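Engineer: I would like the atomic coordinates for the input below:
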Amino acid sequence: MPATTAARLAAYDDAVTRYEPLIGLETHVELGTRTKLFCGCPATFGGDPNTHVCPVCLGLPGSLPVPNRAAIEYTIRIGLALNCSIAEWCRFARKNYFYPDMPKNFQISQYDEPLCTDGWLGVTLDEAEAARYDPDGTGPRTFRVGIERVHLEEDTGKSQHMGGVTGRIHGADYSLVDYNRAGIPLVEIVTKPVEGTGPLAPAVAHAYVTELRDLLRALGVSDVRMEEGSLRCDVNTSLSPRGSGRWGTRTETKNVNSLRSIQQAVHYEIQRQAAVLDAGERVIQETRHFHEDSGITTPGRSKEEAQDYRYFPEPDLVPLAPPRDWVEQLRASLPELPAARRARLQEAWGITAAEMTNIRNAGALDLVEQTIAAGASLADARKWWLNELARRANDTGTELDSLPITPADVAAVAALVGSGALSDRLARQVFEGVLAGEGTPDEVVASRGLAVVSDDTALNAAVDEAIAAKPDVVASIRGGKVAAADALVGAVMKATRGRADASRVRELILARLTDS
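Structural biologist: All right, here's what the predicted structure looks like:
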């Protein structure tokens, strides 16, 4: 491909008018098991490099793999939740390729006999996001994304390329390899080609992975933290001339690790491939890298085909034959799935689809539900989680559900505000104290002296001082300009460090000056 092609982009609206996008997504999910897939090493994130390893996951001579039953169970649970058929008999295969992050020079995976096949996941687009790509609203807003397969494999290690400016091997001075991740159970969920998305292709990709992430979290099989690599996505994109009846040549953008980036990668590839085709050139089947800083993709390597991996049955593992009664027990134990739960809560709470989307997009659905269960109203739960606490999470780069505050704490603050013991301003200070580890809301109120001052004796003293200090304001009020009382209320609030009951202060001021 000419070096200039990567820089040429077609206008998005023009591209989707002339070409039909086709997308497919391969999502890799690290399972939340205690140990790795074929050995007893801890399957935990982090740790000093090469400390969570043993002869089995390093592939040393004489070592033999033993499958992790929990990993197989988790994979079946995922397959059932995705409406897949569960194989009565399947087996592992060796996938051969020679990368430094593969200590055995092969990966134990599944090839032509996966554990779960032929499923689907329904997704509904956020109306605001859909309108961005389809402002006329002529296209569908719900899609059934077909699932080709769900298979189980071991994860690779992690290479770190040192000394370069890009973090990639090209231009690096040297490379290091950490094998802690090698052997962690990894599920790959592969969609069928997603047709008929038209201009909505980026939004559909985003919505699918969002729904899949919520489903996996509900199943309890993974923490699905994209920033830690426990959920990664390979994004396949191709274009074909509208009405041609054929599929175009696809590219595979590898290891995209945020929902926003998945959407950007599809958007960019549509623009880039349209420019290539417009120039009379051909799209090259290859892997590509997505750059978070610029939102573009760049070439990686030519895309391997199945024969390049030289699959053959793994000789050290017997086939898997999940008993049917076990599969049915797992089916019966599935929790309420996210789409059904959202529909139930939306009806119970009496909110619109857009309001439910806002709660979901903020990552606050569990938190709001638990705060209501702790005694708060829906309005208060939404108010504090989606505004004050979401702001604090954003300021600190923290996930909302990782803030050191509980739904019970939020409900307690809401109750204090509702009783008049706190104002909204004081409530924010209580949240600040709780987040700083100063104790429960009641303990923070006591230690910081934050309770609202509603005693008339104390308020009258503050009112007297404000009146004496601002004779010009007093004259204005006595002259009929009641709005001028705001200045005196503000002075009292400042004197009481925001702890006064502002409405009561206003009543006292007006009564005092009217009587004078």
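
Engineer: And the helices in the stretch 301-450 of the chain?
Structural biologist: Secondary structure of the stretch 301-450 of the chain (DSSP state H, counting those that start in this stretch): helices located at 324-332, 338-349, 353-361, 365-373, 378-383, 390-396, 407-419, 424-435, 441-448.

Engineer: Show me the strands in the stretch 201-350 of the chain, by range?
Structural biologist: In the stretch 201-350 of the chain, the strands defined using DSSP state E, counting those that start in this stretch lie at 231-241, 251-256, 286-291, 296-302, 312-313.

Engineer: wait, which of the ones you listed is closest to residue 56?
Structural biologist: For the strands of the stretch 201-350 of the chain, proximity to residue 56 was assessed by Cβ to Cβ; strand 312-313 is nearest, at 18.9 Å. Where you see a C-beta, it was placed from the backbone N, CA and C, and this is true even at glycine.

Engineer: just to revisit the earlier point, dump the strands of the stretch 201-350 of the chain into TSV; add distance to residue 198 and mean pLDDT as well.
Structural biologist: Listed next are the strands of the stretch 201-350 of the chain as TSV, based on distance: least, Cβ to Cβ, whole Å; pLDDT from 0 to 100:
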stretch	distance to residue 198	mean pLDDT
strand 231-241	12	96
strand 251-256	19	93
strand 286-291	22	92
strand 296-302	21	85
strand 312-313	41	93
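
Engineer: Just put the helices of the stretch 301-450 of the chain in JSON lines and tack on distance to residue 11, mean pLDDT and mean neighbour count.
Structural biologist: Below are those laid out as JSON lines (distance: least, Cβ to Cβ, whole Å; pLDDT from 0 to 100; neighbours: other Cβ atoms under 10 Å):
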{"stretch": "helix 324-332", "distance to residue 11": "48", "mean pLDDT": "98", "mean neighbour count": "12"}
{"stretch": "helix 338-349", "distance to residue 11": "35", "mean pLDDT": "96", "mean neighbour count": "15"}
{"stretch": "helix 353-361", "distance to residue 11": "28", "mean pLDDT": "92", "mean neighbour count": "16"}
{"stretch": "helix 365-373", "distance to residue 11": "37", "mean pLDDT": "97", "mean neighbour count": "19"}
{"stretch": "helix 378-383", "distance to residue 11": "39", "mean pLDDT": "96", "mean neighbour count": "19"}
{"stretch": "helix 390-396", "distance to residue 11": "32", "mean pLDDT": "93", "mean neighbour count": "14"}
{"stretch": "helix 407-419", "distance to residue 11": "46", "mean pLDDT": "93", "mean neighbour count": "20"}
{"stretch": "helix 424-435", "distance to residue 11": "45", "mean pLDDT": "91", "mean neighbour count": "18"}
{"stretch": "helix 441-448", "distance to residue 11": "53", "mean pLDDT": "89", "mean neighbour count": "17"}
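
Engineer: Output these in JSON lines; the columns should cover distance to residue 119.
Structural biologist: Output for these, formatted as JSON lines (distance: least, Cβ to Cβ, whole Å):
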{"stretch": "helix 324-332", "distance to residue 119": "13"}
{"stretch": "helix 338-349", "distance to residue 119": "14"}
{"stretch": "helix 353-361", "distance to residue 119": "23"}
{"stretch": "helix 365-373", "distance to residue 119": "24"}
{"stretch": "helix 378-383", "distance to residue 119": "34"}
{"stretch": "helix 390-396", "distance to residue 119": "34"}
{"stretch": "helix 407-419", "distance to residue 119": "34"}
{"stretch": "helix 424-435", "distance to residue 119": "42"}
{"stretch": "helix 441-448", "distance to residue 119": "45"}
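
Engineer: Switch the strands of the stretch 201-350 of the chain over to a markdown table; also include mean neighbour count.
Structural biologist: Below are the strands of the stretch 201-350 of the chain laid out as a markdown table (neighbours: other Cβ atoms under 10 Å):
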| stretch | mean neighbour count |
| --- | --- |
| strand 231-241 | 22 |
| strand 251-256 | 21 |
| strand 286-291 | 19 |
| strand 296-302 | 15 |
| strand 312-313 | 12 |
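
Engineer: who wins for proximity to residue 467 among these?
Structural biologist: Relative to residue 467, the nearest member of the strands of the stretch 201-350 of the chain by Cβ to Cβ is strand 231-241, separated by 62.0 Å.

Engineer: Which elements pack onto that closest one?
Structural biologist: On a contact count with 3 or more Cβ pairs under 8 Å, 6 or more residues apart in numbering; DSSP states H and E, strand 231-241 meets strand 19-30, helix 201-219, strand 251-256, helix 259-278.

Engineer: For the shortest one, which outside residues touch it?
Structural biologist: In other words, strand 251-256. Identification of contacts with strand 251-256 by Cβ atoms under 8 Å, 6 or more residues apart in numbering yields 26, 232-238, 262, 265, 269, 273, 283-290, 297, 300, 303.

Engineer: Tell me the strands beside that strand, with direction?
Structural biologist: Note on strand 251-256: by DSSP bridges, its sheet partners are strand 231-241 (antiparallel), strand 286-291 (parallel).

Engineer: wait, isn't residue 85 in contact with residue 118?
Structural biologist: Yes: counting by Cβ atoms under 8 Å, residue 85 does reach residue 118; the two are 5.4 Å apart.

Engineer: Tell me, how many residues neighbour residue 28?
Structural biologist: As a burial measure, residue 28 scores 18 neighbours (other Cβ atoms under 10 Å).

Engineer: The residue nearest to it when sequence neighbours are not counted: what's it in contact with?
Structural biologist: Take residue 28 and drop its neighbours on the chain: the residue closest to it by Cβ to Cβ, 6 or more residues apart in numbering is residue 232, 4.7 Å away. By Cβ under 8 Å, 6+ apart, residue 232 lies in contact with 27-28, 226, 255-257.

Engineer: of all those, which comes closest to residue 62?
Structural biologist: residue 28 (29.7 Å).

Engineer: So residue 146 is in contact with residue 120, correct?
Structural biologist: Yes: using Cβ under 8 Å, residue 146 makes contact with residue 120 at a distance of 5.3 Å.
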